[in-house]
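>>> turn this into a model:
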Amino acid sequence: MKRTAFAGLFISAALLASPVFAADPNLCDTNLKQIDNDMATAQQMSEGLKTEVTATVGQAKAEQATGTEKGIENCISLTNQVLQKLENNDKGDQQ
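Predicted structure coming up:
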């Protein structure tokens, strides 16, 4: 299970480090799936963080549903923020 967590963190870090030059709808989908996986495997998470993640994922899905390039970019940005918060939570940096 730790390998999966480390792989997820590595992928998240790689996605966060790469700039978004063109809105890639697949990246939005990939990030949303990674968030679902991270939420399912998270050992400990505060209720506040769960609420914040759920709300931000809802915003990201709404942006994705617009189907516009700007909407996809916003989805990617929002999901990258969530992935970073989940990574920080895994490291013990409760937010």
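>>> packing partners of the helix ranked longest in the chain?
The residue-count maximum for a helix in the chain (DSSP state H) belongs to helix 69-91. Here helix 69-91 touches helix 2-17, helix 25-41, helix 47-66, going by 3 or more CB pairs under 8 Å, 6 or more residues apart in numbering; DSSP states H and E. All C-beta spots, glycine's among them, are computed from the backbone N, C-alpha and C.
>>> where does pLDDT dip in the chain?
Applying pLDDT under 70 to the chain flags residues 1-23, 93-95.
>>> any idea how far C28 is from the spatially most distant residue from the centre of the chain?
No residue in the chain sits farther from the centre than T68, which is 19.5 Å out by CA atoms, centre = their mean. Counting by CB to CB, to the nearest Å, the separation of T68 from C28 is 12 Å.
>>> about what we covered before: quick one: distance of the longest helix of the chain to the chain centre.
Put simply, helix 69-91 sits 4 Å off its chain's centre (CA atoms, centre = their mean, to the nearest Å).
>>> any idea of the angle it forms with helix 25-41?
In terms of direction (axes from the mean of the first three to the mean of the last three CA atoms, to 10 degrees), helix 69-91 departs from helix 25-41 by 30 degrees.
>>> now the residue farthest from the centre of the chain, what are its backbone angles?
phi -90, psi 160 (degrees, to the nearest 10).
>>> check contacts around the spatially closest residue to G71 that is not a sequence neighbour.
Nearest residue to G71 in three dimensions, chain neighbours excluded: E63, at 4.4 Å (CB to CB, 6 or more residues apart in numbering). Applying CB atoms under 8 Å, 6 or more residues apart in numbering to E63 gives the contacts G71, I72, N74, C75, L78.
>>> let's see it at 6 Å
Going by CB atoms under 6 Å, 6 or more residues apart in numbering, E63 touches G71, N74, C75.
>>> now flag whichever of these is closest to M45.
Distances from M45 to the contacts of E63, taken as CB to CB, are shortest for C75 (22.0 Å).
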